[in-house]
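> quick one, what's the 3D model for this:
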Amino acid sequence: MLQTTKQRDVQIVHIASETKALRSRTWDRLKFEVEYSLQKGTTANSFLIQADRTAIIDPPGESFTKNYLESLQQRLDLRKLDYVILGHFNANRGGTLKALLELAPKLTFVCSNPAAIALRQFWENQELNITVVRGEDTLDLGRGHELQFIPASTPRWPDGLLTYDKETQILFTDKFFGAHVCGDQVFDEGWAVYREDRRFYYDCLHAAQAKQVVSALDKIADRAAILFYGPGHGPLVRYGMTELTKEYRKWSAEQSDLDLIVALLYASAYGNTASLAQAIARGITKAGVAVESINCEAAEPAEIQAVVEKCDGFIIGSPTLGGHAPTQIQTALGIVLSTVAKDKLAGVFGSFGWSGEAIDLIENKLKDAGYKLGFEPIRVKFKPTDVTLQECKETGIKFAQALKKAQKRRTPKPTVSATDRAAQAVGRIVGSTCIVSAKRGDVTSAMLASWVSQATFHPPGLTVAVAKDRAMESLTHTGDKFAINILSEGNQQLFKHFTKQFTPGEDRFAGLNITEANNGCPVLTDALAYLECTVGDRMECADHWVVYAVVNEGKVLDPEAVTSVHHRKSGSFY
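From the prediction side, this is the model:
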């Protein structure tokens with residue numbers, strides 16, 4: 001049965017013995033985390049176990065509170081609710097928990113110690129029934145439903161907790177193994193359907209905490225038997241469970257094998273600074289540089305020291321509380337100043353409510369100590385917008401590219417080899433010079449491209465190769481729309497405009513003649529022709545994504561012009 005309000009509903013499914021999934025769904029765009037930028041909607045999965053005692057696992061955030069409670073009350077007398085188990089806690093989830101507590105005043109919260117501290121702070125020290133999980137504790141609901149808890153702390157969720165039910169052999173994984181897609185499919189029938197979405201989810205949430213991901217995987221590896229995963233978002237993982245687990249290990253190993261490491265240190269009072277950190281980390285990892293993310297509120301000084309000692313660059317993010325940086329950030333800054341060599345590239349960012357003194361303080365301390373900043377400090381008032389988050393991603397990309405350039409300068413130039421000769425030969429492959437332009441919501445971007453080729457006749461389709469560290473890459477996922485603007489020979493204005501280095505967040509179309517295509521993307525009216533495209537598929541190829549798109553519409557703007565062709569001397573760079 002579905003309970004529906006506008007673009008949101010609750011899908012209720014019996015998934016195992018005395019166990020139901022309540023999938024709060026939305027086709028709207030939720031904005032409280034970076035990974036929602038795909039705009040494919042999402043599900044917030046909660047689970048109900050009704051044995052001798054009743055437990056709810058991971059109630060959704062306040063966006064779903066009304067629909068969720070209405071659906072739950074049709075299946076449960078909430079006065080008899082015994083437990084609410086939390087894989088993690090944040091203020092967004094607090095609205096639903098308050099409503100549950102009003103209806104079931106005797107319920108007990110089961111969570112990790114960091115979550116218990118956050119709960120008490122959220123309720124301003126109101127008396128709560130809380131069972132704190134320490135180590136791998138258990139909770140017996142009766143009829144064989146013995147719940148085993150597995151601590152899974154990460155920088156993003158220091159209070160992380162997984163739950164395993166011995167009776168049903170379900171592992172409730174909260175932030176692990178999810179995907180932000182919305183549909184009717186409860187289980188992952190058809191593994192390949194969700195591969196791109198799950199990879200994107202991992203890259204956004206977990207690439208910057210790969211070490212902790214591996215630790216969590218190790219903890220569940222020796223679990224006697226797991227029938228399927230119940231993640232906090234997206235389809236339940238049953239048919240592709242083995243493959244997805246292997247993929248998580250593979251992706252985490254790829255992060256660990258990268259040569260350069262950025263230490264990303266932050267604290268976050270209301271989650272805004274954490275969102276900025278996540279977006280910056282996403283940009284850095286896109287560019288092929290590893291990130292070790294440290295939530296200073298949950299890290300010991302020794303852990304911070306170990307990370308900054310081996311880093312090639314560092315970035316510090318802080319909220320402003322009472323005109324100051326939190327004590328944990330001040331401690332981390334002291335460790336950085338006394339440990340990190342002055343030739344390491346640095347960065348500063350933060351969010352604030354009324355002022356931003358903490359950002360200024362960190363910036364001045366680093367400059368006074370002799371560190372060079374890799375970007376202008378990012379200062380965000382209140383909650384970051386889509387445009388701000390895109391700017392943070394682009395900032396992360398630029399920071400990573402600067403580290404790579406510095407490493408290249410320190411590396412002796414090799415002599416000419418067979419590889420160099422092959423690169424010269426590959427460079428003789430030519431392609432038409434194009435500008436790819438895209439828009440999603442308020443975010444626009446564009447890039448110069450010469451790796452564009454027709455791929456199909458019916459329907460007409462093409463492929464375009466997009467480097468992983470391009471800002472445009474995040475706008476070329478399945479279902480996204482873009483325009484290919486084909487340049488004419490001799491059009492140096494457009495060519496030069498798009499060969500320059502853009503600063504993060506800079507308007508790519510400033511000073512140009514543009515119009516809007518039917519698919520909403522910018523079109524350059526001085527181009528020879530343009531094509532309106534929809535992404536149909538993507539394939540990961542080393543340092544690029546090869547994107548296949550169907551051409552929906554197109555128009556020749558200058559029938560007399562000749563297509564511009566890009567000639568290169570080497571196949572190792574553009």
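
> contacts only, for the closest residue to residue 520 other than its chain neighbours.
Of all residues beyond its chain neighbours, the one nearest residue 520 is residue 439 (5.4 Å), with distances taken as Cβ to Cβ, 6 or more residues apart in numbering. For every residue, glycine as well, the C-beta is placed using N, CA and C. Residue 439 makes contact with 445, 475, 481, 520, 521, 522, according to Cβ atoms under 8 Å, 6 or more residues apart in numbering.

> how about residue 543?
Neighbouring residues of residue 543 by Cβ under 8 Å, 6+ apart: 288, 467, 468.

> go again with 10 Å.
Going by Cβ atoms under 10 Å, 6 or more residues apart in numbering, residue 543 touches 287, 288, 465, 467, 468, 469.

> follow-up on the earlier one: so the residue nearest to residue 520 lies in a helix, does it not?
No. Counting by DSSP: H, G, I helix; E, B strand; the rest coil, one finds residue 439 to be strand, located in no helix.

> gap between it and residue 271?
Distance, residue 439 to residue 271, by Cβ to Cβ, to the nearest Å: 27 Å.

> for residue 547, same thing?
Residue 547 sits at a distance of 32 Å from residue 271 (criterion: Cβ to Cβ).

> which of these two has more neighbours?
The neighbour comparison of residue 547 against residue 271 (other Cβ atoms under 10 Å) goes to residue 547, with 25 against 17.

> now do the same for the more buried one: helix, strand or coil?
Applying three-state DSSP: residue 547 is strand.

> and the pLDDT at it?
Predicted confidence (pLDDT) at residue 547: the value is 98.

> what do you get for the one 10 residues further on?
Residue 557 is assigned 97 on the pLDDT scale.

> can you verify my assumption that it contacts residue 531?
No. Judged on Cβ atoms under 10 Å, residue 557 makes no contact with residue 531 at a distance of 11.5 Å.

> who has more neighbours, the two?
Neighbour totals were compared for residue 557 and residue 531, and residue 531 leads with 22 against 16 (other Cβ under 10 Å).

> hang on, the more buried one is in a strand, isn't it?
Yes. Assessed by three-state DSSP, residue 531 belongs to a strand.

> state the distance from it to residue 390.
Relative to residue 390, and taking Cβ to Cβ, residue 531 is found at 24 Å.

> and if you look at residue 132?
On the measure of Cβ to Cβ, residue 132 and residue 390 end up 39 Å apart.

> as CSV, the contacts of residue 439 with pLDDT would be great.
Below are the contacts of residue 439 laid out as CSV (pLDDT from 0 to 100):
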residue, pLDDT
445, 96
475, 94
481, 97
520, 97
521, 98
522, 97
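
> drop anything exposed from those residues.
Buried members of these, scored by 16 or more other Cβ atoms under 10 Å, are 445, 475, 481, 521, 522.

> distance of the third one relative to residue 271?
Translated: residue 481. 30 Å.

> again with the last one
For residue 522, the distance to residue 271 equals 32 Å [Cβ to Cβ].

> likewise the fourth one?
According to Cβ to Cβ, residue 521 stands 32 Å off from residue 271.

> same check on the first one?
In this structure, residue 445 lies at 26 Å from residue 271, with Cβ to Cβ as the measure.

> shaky segments in the chain?
Scanning the chain for pLDDT under 70 picks out the ranges 1-6, 29-38, 224, 409-419.

> switch the cut-off to 80
Scanning the chain for pLDDT under 80 picks out the ranges 1-7, 28-39, 125, 190-192, 222-224, 409-419, 573-574.

> residues near residue 215, how many?
Around residue 215 there are 15 other residues, counting by other Cβ under 10 Å.

> OK, contacts around it?
Contacts of residue 215 (Cβ under 10 Å, 6+ apart): 151, 152, 153, 154, 209, 252.

> 8 Å instead?
Counting by Cβ under 8 Å, 6+ apart, residue 215 touches residue 152.

> now residue 265. Its backbone dihedrals?
In terms of degrees, to the nearest 10, the main-chain angles of residue 265 are phi -110, psi 130.

> tell me, how many residues neighbour it?
Number of residues near residue 265 (other Cβ under 10 Å) recorded here: 28.

> beta partners for it?
Residue 265 forms beta bridges with residue 294, residue 316, as assigned by DSSP bridges.

> any idea how far residue 464 lies from residue 485?
Here the distance between residue 464 and residue 485 works out to 12 Å (Cβ to Cβ).

> if you could redo that for residue 54, that was the one I meant.
Note on residue 54: its distance to residue 485, by Cβ to Cβ, is 59 Å.

> which of those two has more residues huddled nearby?
Between residue 54 and residue 485, residue 485 has the larger neighbour count (other Cβ under 10 Å), namely 28 against 20.

> surely the more buried one is within a strand?
Yes. Checked against three-state DSSP, residue 485 lies within a strand.

> go through the protein and flag its longest helix.
Longest helix of the chain, by residue count under DSSP state H: helix 386-410.

> residue 339 - nearest residue in space that isn't next to it in sequence?
Spatially, and ignoring its direct neighbours in sequence, residue 339 is nearest to residue 308 (5.3 Å; Cβ to Cβ, 6+ apart).

> now do residue 451
Closest residue to residue 451 apart from its sequence neighbours, by Cβ to Cβ, 6+ apart: residue 465 at 3.9 Å.

> surely that neighbour forms part of a strand?
Yes. Counting by three-state DSSP, residue 465 is part of a strand.

> quick one: end-to-end distance for stretch 318-328.
Terminal residues of stretch 318-328 are spaced 10 Å apart (Cα to Cα, to the nearest Å).

> so how far is residue 218 from the residue most central in space within the chain?
Residue closest to the average C-alpha location in the chain (Cα atoms, centre = their mean): residue 204, at 1.9 Å. As judged by Cβ to Cβ, residue 204 and residue 218 stand 23 Å apart.

> how does the chain divide into domains?
Split into domains by automatic domain parsing, the chain comes to 2-254, 258-410, 426-566.

> so which of these gets nearest residue 420?
Of all the domains of the chain, domain 426-566 sits nearest to residue 420, with 10.6 Å by Cβ to Cβ.

> now do the same for the nearest residue to residue 184 once chain neighbours are set aside: helix, strand or coil?
Closest residue in space to residue 184, ignoring its immediate chain neighbours: residue 11 at 7.3 Å, by Cβ to Cβ, 6+ apart. Of the three states, residue 11 takes strand under three-state DSSP.

> so what sits opposite the residue nearest to residue 520 in the bridge?
Beta-bridge partners for residue 439, by DSSP bridges, are residue 444.

> ok, now residue 170?
Bridge pairing for residue 170 - DSSP bridges - gives residue 165, residue 228.

> distance of it from residue 355?
Taking Cβ to Cβ, one finds residue 170 at 47 Å from residue 355.

> run a quick neighbour tally on the closest residue to residue 390 other than its chain neighbours.
What sits nearest to residue 390 in space, not counting adjacent residues and going by Cβ to Cβ, 6+ apart, is residue 443, at 4.7 Å. The number of residues packed near residue 443 is 19, by other Cβ under 10 Å.

> got a list of what residue 443 touches?
Listed by Cβ under 8 Å, 6+ apart, the contact partners of residue 443 are 37, 386, 387, 390, 475.

> if we go to 10 Å?
37, 385, 386, 387, 389, 390, 391, 393, 471, 474, 475, 505.

> my read: the second one touches residue 391, true?
Yes. With contact taken as Cβ under 10 Å, residue 385 and residue 391 are classed as touching, separated by 9.3 Å.

> same drill for those two, tell me which one is more crowded.
Taking other Cβ under 10 Å, residue 385 and residue 391 do not tie; residue 391 has more neighbours (25 against 14).
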